[in-house]
Structure formats: C-alpha cells, structure tokens
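Q: Have a look at this fold, sequence not included:
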C-alpha cells in the first residue's frame, strides 16, 4: 500500500506576505487529497461579480436578508422582481478557465472534494462531481410551507405567465442573482405561490444573509475537512463564518491552508501561503506545473 506524504504546518499567528508565486500551491496540490473551498472570486471571470472585491456588489446594495424575506410581502416582491431579471444572466453564465481547472484537478486525483460558497452552479456545469453547495443553489426553489423543492426554470415560466407585461433589463447582476430595478417596476410585479400546496411562500434554495447553513451540511463539510490533507481556498474573502470555520478547523489540525485570492481575506493568519493572482490564470498555470 502506498503511503501518502504528510503535510503539516503550525500557524504563527501573523499573516504571511502575499505573493504571486505558485510554488507552495504546486507543492501542496501535488501531494494530493486537497479540499477546495471556493468563493465568488472564482466566478468573476464568468461575468458574475463578487460581493467584497474592488467592484463588489456590497459596495452598491444590501442583499436580501432572511428576516426581511420571511416577514415582508413587499420585501419578497422586491426580491423576486429583481431576481426574475437577474436569474436570466446567472442561467446564461458559463464556466471559466478556473472552474475547468478545478474539474481537471479532481479528475487527475489531486482533490478530495469541493465545497463552494457560490450559488451559480458553475462548478457542476464544468463537470466537477459531488460539489457541496454550502449556501445552496439558485437553480432550485423551496416552499417554506410544505418543503417541496422545484426547478427554478419552472418558477421562471410561472412568473412570466403571471407578469406578461413585465419587461426589465439590468446592467449588472449580483452574486445572488439580484439586480437593481426602479421601484415603479417592482410595485407592479405579481408573486406566485407554491404549485404543490397552493399557498406556501416560495424562496430560492439558498442561504440568505442572516440565515444559518443547515446543520447536516455543515457537519458533512467538517468531515470533508477532517478527511483532507490540506485546504485550498479559491476566490473567497472568508468574511462570513460559514466558510472561515473550515479554514480554522484545518489550521487547528495542523493542515496546510493555501489561499488564492485577489485581496486580503479574514483567514490570512491561518494560511501557509497567500497567492494574489486572477483565479483563471493561477489555476491554469497550476495545472501546467503538475
């Protein structure tokens, strides 16, 4: 039986300098059993902006929160009107070089799994198997009454039928599929209920700001961190605890944590290396060196 090389690292408590060198990434990934944790920065080259980068959507608008969605009919109307427009852009987006590189890394046996904070489905579209969607997926809708899950395409058809005169376009879409629309367009938008139970409130099958990731999903991710030999963070600022906790868990176990992201992250103090490069270029170069 082949013995895997053991990688270990003890955090110093102070962030290492950022670099454009991929040497440490190559070393860690070559050893195998690397768990990928991806964020919005991986999808920017597919035309979907991130939340917190230099042009991040949080600089322009406040995302829908769970409390507002479940307590306010007008909040839901605003969300679905804007998302009805934005979903079309998300559905048209295609995987970029970074997504395809992750798929190839998985096929070559370098990765133990992929956890994504993204809700755009681009990892799966690129062919990566068994992706864990930490925050859910925009291609599904869940009824808060009966729990039925249906395809977003079905809801899109129903919303179009309920709003035959609704026409709107937007210059940019946000990572959650939201866009900015004038209030006059939002006011006229008609909502539809659950087609299964007839009355339930429909919500995209994603984790909103202020909502908890389901506990079984978190526990599955914890097991993936424990089973991996290293963690590779791609395009995430790690600002929210839902992703940062896995970085902390890996570092506490003495496992290398390599972060490839343009800009600072909340997990920098735990990193073996911090690489500041565009993800498509970095991952394509990584493949060429392995």
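A: Sure thing, it's come through. It should be emphasised that the depicted structure is a prediction, and the values quoted were computed from it without experimental measurement. Numbers count the residues shown, from 1 in each chain.

Q: what's the offset of the longest helix seen in the chain from the middle of its chain?
A: For the chain, the helix with the greatest residue count under DSSP state H is helix 73-92. For helix 73-92, the separation from the chain centroid amounts to 18 Å (computed by C-alpha atoms, centre = their mean, to the nearest Å).

Q: Pull out the buried positions in it.
A: 76-87, 89-90 (16 or more other C-beta atoms under 10 Å). No exception for glycine: its C-beta is placed from N, CA and C like everyone else's.

Q: Give me the pLDDT for residue 185.
A: Residue 185 is assigned 80 on the pLDDT scale.

Q: Hmm, it is touching residue 179, no?
A: No: counting by C-beta atoms under 8 Å, residue 185 stays clear of residue 179, with 10.7 Å between them.

Q: Pull the contacting residues for the residue nearest the centre of the chain.
A: Nearest to the geometric centre of the chain sits residue 118, at 1.3 Å (C-alpha atoms, centre = their mean). The contact partners of residue 118, taken as C-beta atoms under 8 Å, 6 or more residues apart in numbering, are 38-40, 42-43, 133, 135, 175.

Q: Wait, a helix at it?
A: No: read with DSSP: H, G, I helix; E, B strand; the rest coil, residue 118 is coil and lies in no helix.

Q: right, and the helix or strand after the longest helix of the chain?
A: helix 97-107 (DSSP states H and E).

Q: and stretch 117-133, which residues are buried?
A: By neighbour count on 16+ other C-beta under 10 Å, the buried set for stretch 117-133 is 117-126, 128, 131, 133.

Q: ok, which stretches of the protein are strands?
A: Counting by DSSP state E, one finds strands in the chain at the ranges 18-19, 34-38, 111-116, 132-133, 136-143, 149-151, 202-206, 230-234, 257-260, 273-275.

Q: before we move on, the earlier item: so residue 185 and residue 179 - more neighbours on which side?
A: The neighbour count for residue 185 versus residue 179, taken as other C-beta atoms under 10 Å, is higher for residue 179 (23 against 14).
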